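A.B. asks: One predicted model, sequence on top.
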Amino acid sequence: MKRSRIFVVSLALLGLTVTILLMNRSRMKAAARSEEVRFLPVTLVQPERIPLDEQLSLTGTIAGNNDVPVIAETQGKVTRVFVSVGDQVRAGQPLVQVDDELKHANFQAATVNYEKAQRDYERFQSLIKDSTISDAQLESGRLAYKSAEAQYIIARRQYEDATIKSPIAGVVTARPVDIGVMVQNNSMVAEVVDISRLKVDLRVAEEDVFKMHEGDSVAVTTDVYPGVTFRGRISTISDKADDGHTYAVQAVLPNSTRHPLKAGMFGRVSFVAIGPVESLSIPRRALVGSIRTPQVFVVDNNIAHLRSIVVGGEYDSRLQIVSGLSAGEQIVASGQNNLKDGVAVTVVQ
């Protein structure tokens, strides 16, 4: 019996010892992980003011020359649709037909009244020469004719609006209605985009914009057609800057039949007439996210702070900084993939 108690006590002590060792091991691993999270290794660089390449490249979104939502100026049930998404249409081509039976009847009645009032007025004009009718009767006939003419124009317009047509030549990119759908006045029934010519809207830093002129040549490249260059020109340059001291510049180019571009694609526009520019810049690899919403991590007292910046041009592997950073600040160049705002870092070489 005594020997059994000793065995049970020994077994309990052994179990307690193993449990303590496992708990200590878990605490050590958790502490190690916490330490890793609290002090992420990163490398740092400083924004530098250096001469950048002569050729300035900016990224923008390619848009159609004209993008028109087709709005219904009538209401009623759709009885026919003439086009599908992707169809090429010409200006004035019917897109959707709305029930026009009552509109047609009203137009016919207005036409009859208009023709009758016109004949009556012409007859009154003949009779007034012979003094058969008074001036008051002639004026009454003229007013009746003008009223009937106005009613005729309104009825004709309402009847014609039942056939909704494309205002421009282009490609149908949307058609949210179908047969049987009730169309309301001022609702969109289709969208037509003219991509025979294209445009790219860009924001250009003030150091560069004064070296540009309307009509200057530009080269446009895309990731869709590697090695293919599209030629265009600068069409407009804004005279007013935004809050980031950048100016709106628009480039236009004809669409290619061999390498057709679509609206909404990204395009890189290179301005070949730009001279050397000395600007504050950072390596492209330091950027967090995309060039459309640029951010970087700025390190202060070993704490990483996420900051939004304004980027001007792209020069090979470097980005021009318009605002948001100052020379001498420490920014994360590598290791930012796992970083979050306010996390402590340790600097490695």
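C.D. replies: The structure has been received and is ready for your questions.
A.B. asks: how about the helices in this protein?
C.D. replies: 2-38, 101-129, 135-161, 206-209 (DSSP state H).
A.B. asks: The first one - what's its average pLDDT?
C.D. replies: Throughout helix 2-38, pLDDT has a mean value of 57.
A.B. asks: Same question for the third one.
C.D. replies: Along helix 135-161, the predicted local confidence has a mean pLDDT of 93.
A.B. asks: Please renumber the chain so that the first residue is 683 from this point on.
C.D. replies: Got it, first residue is 683 now, which makes that one helix 817-843.
A.B. asks: May I see the buried residues of that helix?
C.D. replies: 823, 826-827, 830-831, 833-834, 837-838, 840-841, 843 (16 or more other Cβ atoms under 10 Å). In short, each C-beta sits where N, CA and C put it, glycine included.
A.B. asks: could you say what helices and strands it packs with?
C.D. replies: helix 783-811 (3 or more Cβ pairs under 8 Å, 6 or more residues apart in numbering; DSSP states H and E).
A.B. asks: and if you look at the last one?
C.D. replies: Where contact means 3+ Cβ pairs under 8 Å, 6+ apart, helix 888-891 is packed against strand 928-936, strand 959-965, strand 992-997.
A.B. asks: quick one: contacts for the residue nearest to Glu730 when sequence neighbours are not counted?
C.D. replies: Excluding the flanking residues, the one nearest Glu730 by Cβ to Cβ, 6 or more residues apart in numbering is Ser963, at 6.2 Å. Going by Cβ atoms under 8 Å, 6 or more residues apart in numbering, Ser963 touches 729-732, 734, 997, 1000-1003.
A.B. asks: switch to 10 Å and redo it
C.D. replies: The neighbourhood of Ser963, defined by Cβ atoms under 10 Å, 6 or more residues apart in numbering, consists of 729-734, 993-997, 999-1003, 1007.
A.B. asks: follow-up on the earlier one: now, among the buried residues of helix 817-843, which is nearest to Ala968?
C.D. replies: Distance to Ala968, by Cβ to Cβ, is smallest for Asp843 among the buried residues of helix 817-843, at 56.5 Å.
A.B. asks: how about the closest one, what does it touch?
C.D. replies: Shown in contact with Asp843 (Cβ under 10 Å, 6+ apart): 754-758, 780, 782, 785, 867.
A.B. asks: Make a markdown table out of the residues you listed and add pLDDT.
C.D. replies: Shown next, in a markdown table, are these (pLDDT from 0 to 100):
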| residue | pLDDT |
| --- | --- |
| Ala754 | 95 |
| Glu755 | 94 |
| Thr756 | 94 |
| Gln757 | 94 |
| Gly758 | 95 |
| Val780 | 97 |
| Asp782 | 95 |
| Lys785 | 95 |
| Asn867 | 93 |
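A.B. asks: from those, which ones fall inside strands?
C.D. replies: Among those, DSSP state E puts 758, 780 in strands.
A.B. asks: per-residue pLDDT, Ser739?
C.D. replies: 84.
A.B. asks: The residue lying closest to Asn868 once chain neighbours are set aside bridge partners, please.
C.D. replies: Of all residues not flanking Asn868 in the chain, Ile753 sits nearest, at 5.9 Å (Cβ to Cβ, 6+ apart). Residues in a beta bridge with Ile753, per DSSP bridges, are Met870.
A.B. asks: Ile753 reaches Ala872, doesn't it?
C.D. replies: Yes. If you go by Cβ atoms under 10 Å, Ile753 and Ala872 touch, sitting 9.3 Å apart.
A.B. asks: Show me whatever sits in contact with both of these two.
C.D. replies: Ile846.
A.B. asks: who's more crowded, the two?
C.D. replies: Using other Cβ atoms under 10 Å as the criterion, Ile753 and Ala872 rank with Ala872 on top: 25 against 13.
A.B. asks: circling back: if any of the contacts of Ser963 are buried, put those into a ChimeraX selection.
C.D. replies: Restricted to buried positions by 16+ other Cβ under 10 Å, the ChimeraX selection for the contacts of Ser963 reads:
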select :729,734,993,994,995,996,997,1000,1001,1002,1003,1007
